[in-house]
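# got a sequence here, can you build the structure:
(one chain, ligands or ions: 1)
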Amino acid sequence: HPIDIVNIASLEGRVKERMEAGAFGYIRGGSEDEWTMKENTASFMNKKIMPRILQGIDHADLSTKLWDIELQTPIIEAPSAAQGLAHEKGEADTAKGVAAAGSIFSISTYANTTVEDAAAAAPDAPQFFQLYMSKDDGFNEFILDKAVKAGAKAIILTADSTLGGYREEDVINQFQFPLPMPNLAAYSAQSASGNGEGKGIAEIYAAAKQGLVPEDIKKIKDLTHLPVLVKGIQSPEDADLAIKAGADGIWVSNHGGRQLDGGPASFDVLPAIAEVVDKRVPIVFDSGVRRGEHVFKALASGADLVAIGRPVIYGLNLGGAEGVKSVFDHFNKELSITMQLAGTKTIADVKKTKLID
Ligand code: HOC
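Numbering: from 1, shown residues only. The predicted structure follows:
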């Protein structure tokens with residue numbers, strides 16, 4: 001069902017009251033002191049929007065494109081693992097809600113739904129597949145083949161997660177994934193994480209390929225013939241490295257502050273990355289986005305699309321597919337207001353807006 005939303009930040013408290021403590025801790029939590037996680041949202045205040053007036057703006061048009069994919073909003077869903085923790089229909093309902101918002105849903109390798117079932121839940125909507133590369137090449141080939149056959153439009157290579165950040169709330173709660181991860185279960189060889197059920201986060205990460213290298217980008221492209229977005233870029237050098245190695249898109253992210261604590265806010269590193277990328281490929285941005293104003297500032301700093309993670313999962317928990325749609329509607333409402341008050345009509349106008357210190 002649709003949910004009433006005054007602001008996105010208040011969803012966390014509502015979900016905490018109804019969700020099992022271990023699941024909530026896993027979803028909400030960041031690593032160590034959660035310093036980077038907090039900085040992610042706080043850093044949007046380091047820049048101010050310089051508004052224009054008398055621009056004849058009578059409404060905002062949020063429509064945009066990634067490659068040839070038409071979108072009703074520049075806001076997309078950030079892939080998140082184990083969405084069955086939030087709702088019995090998990091990723092299938094998220095896919096439906098995101099499709100209703102005219103946006104892109106990305107399914108994680110570590111989903112509680114198969115890539116086929118997620119695709120079937122929203123057959124006409126664009127879906128991406130988020131790969132955590134495994135130590136086992138057989139698994140990588142198997143899962144990428146499944147994603148291609150299910151109709152994925154792009155592969156997201158998660159490059160910041162060869163091992164998990166130290167998340168203390170999971171330690172305190174002795175958190176273990178309570179549900180199977182059917183994309184793992186479908187593969188006959190047993191990986192270190194089995195089918196995910198009853199495993200702790202460290203055991204899940206034990207299956208990940210260590211020592212990812214730029215050549216892995218080409219390997220994925222050769223296997224899938226799909227565009228590859230490299231997710232977890234935080235430095236201009238790595239953006240350049242990834243593009244030279246064949247990346248079709250750069251995903252600026254610090255994994256919502258769940259991996260390296262003590263690193264910079266994602267928003268703080270975006271302008272320098274955008275400068276180096278220099279429009280060679282699109283840039284997706286995530287981490288800490290809780291307001292339409294944050295979306296606006298990320299677009300004005302060089303992002304082409306902005307992804308939201310935890311807010312989508314909170315919407316899923318509170319209202320299933322319609323709850324997810326409500327979260328998109330709320331972000332879009334705030335973004336529209338910000339756009340019009342800043343004197344911008346289109347996403348292209350937003351991207352030209354000046355931010356000041
Ligand atoms: C390699 C195993 O992205 C998180 C998820 C992790 C999913 C398991 C990765 O918790 O941040």
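# got the residues of the stretch 151-300 of the chain near the ligand?
By C-beta under 6 Å from any ligand atom, the part of the stretch 151-300 of the chain that sits against the ligand consists of Ser161, Ile204, Tyr205, Ala208, His255, Arg258. Using the backbone N, CA and C atoms, a C-beta is placed for each residue, glycine as well.
# any chance of those in a markdown table, with distance to Met339 too?
Formatted as a markdown table, these follow (distance: C-beta to C-beta, whole Å):
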| residue | distance to Met339 |
| --- | --- |
| Ser161 | 33 |
| Ile204 | 40 |
| Tyr205 | 40 |
| Ala208 | 39 |
| His255 | 28 |
| Arg258 | 30 |
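# now the residues you listed in CSV, with secondary structure and neighbour count?
CSV is the format used below for those (DSSP: H, G, I helix; E, B strand; the rest coil; neighbours: other C-beta atoms under 10 Å):
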residue, secondary structure, neighbour count
Ser161, coil, 17
Ile204, helix, 24
Tyr205, helix, 19
Ala208, strand, 20
His255, helix, 25
Arg258, coil, 24
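# what is the nearest of those to Phe175?
Set against Phe175, the nearest of these by C-beta to C-beta is Ile204 (10.7 Å).
# can you name the residues bridging to Gly249?
Under DSSP bridges, the beta-bridge partners of Gly249 are Leu229.
# and it, how many neighbours?
24 (other C-beta atoms under 10 Å).
# repeat that for Gly56.
Around Gly56 there are 6 other residues, counting by other C-beta under 10 Å.
# phi, psi for it please.
Note on Gly56: its backbone torsions stand at phi 70, psi 30 [degrees, to the nearest 10].
# show me what contacts it?
By C-beta atoms under 8 Å, 6 or more residues apart in numbering, no residues touch Gly56.
# now the longest helix seen in the chain: mean pLDDT?
Longest helix of the chain, by residue count under DSSP state H: helix 310-342. In this model, helix 310-342 has a mean pLDDT of 98.
# beta partners of the residue in the stretch 151-300 of the chain that the ligand sits nearest to?
Across the stretch 151-300 of the chain, no residue is closer to the ligand than Ala208, which sits at 3.8 Å (C-beta to the nearest ligand atom). Beta-bridge pairing of Ala208 under DSSP bridges involves Ser134.
# could you measure it against Glu141, distance?
As judged by C-beta to C-beta, to the nearest Å, Ala208 and Glu141 stand 16 Å apart.
# same thing with Pro282?
Separation of Pro282 from Glu141 (C-beta to C-beta) stands at 27 Å.
# higher neighbour count, the two?
Higher neighbour count among Pro282 and Glu141: Pro282, with 18 against 15, using other C-beta under 10 Å.
# what distance do you get for the residue most central in space within the chain to Tyr132?
By C-alpha atoms, centre = their mean, the mean C-alpha position of the chain lies nearest to Ala78, the distance being 1.6 Å. Using C-beta to C-beta, Ala78 is found at 14 Å from Tyr132.
# same deal with Asp238?
Counting by C-beta to C-beta - Asp238 and Tyr132 are separated by 18 Å.
# spatially nearest residue to Ala274, not counting backbone neighbours?
Leaving aside its chain neighbours, Ala274 sits nearest to Gly302 (2.3 Å; criterion: C-beta to C-beta, 6 or more residues apart in numbering).
# what helices or strands is the longest helix of the chain leaning on?
If you count contacts as 3 or more C-beta pairs under 8 Å, 6 or more residues apart in numbering; DSSP states H and E, helix 310-342 packs onto helix 11-18, helix 21-28, strand 75-77, helix 90-100, helix 292-300, helix 347-352.
# redo that, cut-off 10 Å
Counting contacts by 3 or more C-beta pairs under 10 Å, 6 or more residues apart in numbering; DSSP states H and E, helix 310-342 packs against helix 11-18, helix 21-28, strand 48-49, strand 75-77, helix 90-100, helix 292-300, strand 305-308, helix 347-352.
# mind listing what the closest residue to Glu39 other than its chain neighbours touches?
Leaving aside its chain neighbours, Glu39 sits nearest to Ala265 (4.1 Å; criterion: C-beta to C-beta, 6+ apart). Taking C-beta atoms under 10 Å, 6 or more residues apart in numbering, we find Ala265 in contact with 35-44, 46, 234, 254, 257, 287-288.
# repeat the analysis, applying 7 Å as the threshold.
Thr36, Glu39, Asn40, Ser43, Gly288 (C-beta atoms under 7 Å, 6 or more residues apart in numbering).
# I'd like the distance between it and Val295.
Taking C-beta to C-beta, one finds Ala265 at 15 Å from Val295.
# just the element for the nearest residue to Leu305 once chain neighbours are set aside, please.
Closest residue in space to Leu305, ignoring its immediate chain neighbours: Val284 at 4.7 Å, by C-beta to C-beta, 6+ apart. Per DSSP states H and E, Val284 falls inside strand 283-285.
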